[in-house]
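Trainee: Have a look at this fold, sequence not included:
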């Protein structure tokens with residue numbers, strides 16, 4: 001019953017994703033058929049498609065890579081019509097995204113297994129923590145949260161609200177406390193309570209704020225003194241609505257800490273979704289989750305095929 005419910009939930013999620021990615025005339029394949037009268041695919045058609053990829057936040061380099069793949073198919077006379085073009089586009093995108101479709105797996109050891117959440121202000125870190133904690137709890141894992149964003153009292157209160165909602169304990173200190181000290185105490189508490197997973201929130205920071213970026217390294221080092229393998233996962237939360245700036249953030253955070261997973265939020269906003277391709281292509285870091293709203297079920301594990309089909313509005317995908 002639970003597996004059936006999970007599948008139904010995921011189906012509903014990607015239906016919402018498809019609807020929210022494809023609002024308005026900025027959609028990647030909007031009115032694509034009208035651009036190619038008679039369905040004829042030629043070099044001009046590929047140049048137009050390349051422009052649309054760039055406009056959809058895929059980025060110049062990644063767009064060029066996709067179009068080059070299609071150009072080779074055109075030379076082999078494989079792109080006979082619009083359906084063939086969409087099929088080729090879909091496969092080119094999947095070649096980029098499949099390698100980063102890596103689900104979050106919590107091994108049996110060590111305990112606690114530590115996830116450090118990082119990202120800029122407003123990306124949705126704290127909300128994502130609450131949703132991930134709920135998912136892990138549903139998997140039978142005991143979870144603790146650490147309120148490492150000590151600069152904003154509202155951040156601590158928000159995390160505590162998620163803790164109450166999910167029945168998950170939250171370790172917090174007063175506003176202005178040393179975030180590394182909060183992480184240290186939280187690890188000790190999680191160890192004492194035999195918690196399976198400890199998720200550590202951190203203050204939002206711009207990638208240009210050197211001192212705050214250095215602080216992330218300090219938190220990671222402090223956790224490493226408790227357990228040399230901690231943090232086992234560093235989850236970067238990115239706002240898809242920022243387009244190519246989200247890619248810049250990912251590069252800067254990866255330089256400051258060993259980012260091992262990415263959660264992309266706010267795909268229900270004005271985002272076109274293409275930045276997910278740019279991130280996958282440039283960084284190759286596993287994309288664990290994507291989100292389309294505020295509800296608990298609006299954050300789901302990343303599925304490359306379903307994401308591409310939503311991006312291209314292909315329902316069940318083209319004929320294979």
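Mentor: Thanks, I have the structure now. Given the structure is predicted, the values throughout are model-derived calculations rather than measurements.
Trainee: tell me the domain boundaries of this structure?
Mentor: Under the assignment named as automatic domain parsing, the residue ranges that make up the domains of the chain are 2-100, 113-302.
Trainee: In JSON lines, list these along with mean pLDDT and distance to residue 106.
Mentor: Every C-beta, even on glycine, is put in place using the N, C-alpha and C of the backbone. Written out in JSON lines, the entries for the domains of the chain read as follows (pLDDT from 0 to 100; distance: least, Cβ to Cβ, whole Å):
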{"stretch": "domain 2-100", "mean pLDDT": "80", "distance to residue 106": "17"}
{"stretch": "domain 113-302", "mean pLDDT": "90", "distance to residue 106": "5"}
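Trainee: among those domains, which is nearest residue 312?
Mentor: Of all the domains of the chain, the one in closest proximity to residue 312, counting by Cβ to Cβ, is domain 2-100 (5.5 Å).
Trainee: tell me how far that closest one is from the chain's mean position?
Mentor: With Cα atoms, centre = their mean, to the nearest Å as the basis, domain 2-100 stands 20 Å off its chain's centre.
Trainee: For residue 242, give its distance to residue 256.
Mentor: Taken as Cβ to Cβ, to the nearest Å, the spacing of residue 242 relative to residue 256 amounts to 18 Å.
Trainee: And residue 288, by the same measure?
Mentor: Computed as Cβ to Cβ, the residue 288 to residue 256 distance reads 19 Å.
Trainee: Looking at the two, which one has more neighbours?
Mentor: Per other Cβ atoms under 10 Å, whichever of residue 288 and residue 256 has more neighbours is residue 288, with 25 against 19.
Trainee: Pop out the phi and psi values for that one.
Mentor: Recorded main-chain torsions at residue 288 are phi -80, psi -50, according to degrees, to the nearest 10.
Trainee: re the thing from before, make JSON lines out of the domains of the chain and add distance to residue 309.
Mentor: Below are those laid out as JSON lines (distance: least, Cβ to Cβ, whole Å):
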{"stretch": "domain 2-100", "distance to residue 309": "7"}
{"stretch": "domain 113-302", "distance to residue 309": "12"}
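Trainee: Buried deepest among those, which one?
Mentor: Between the domains of the chain, domain 113-302 has the highest mean count of neighbours, a mean of 20, where neighbours are mean count of other Cβ atoms under 10 Å.
Trainee: start to end distance for that one?
Mentor: Between the opening and closing residues of domain 113-302 we find a distance of 21 Å, counting by Cα to Cα, to the nearest Å.
Trainee: For it, what is the distance to the chain centroid?
Mentor: Taking Cα atoms, centre = their mean, the mean C-alpha location of domain 113-302 is offset from the chain mean by 11 Å.
Trainee: what do you get for stretch 292-308?
Mentor: In terms of Cα atoms, centre = their mean, the centre of stretch 292-308 is found 9 Å from the chain centre.
Trainee: And for stretch 92-112?
Mentor: 11 Å.
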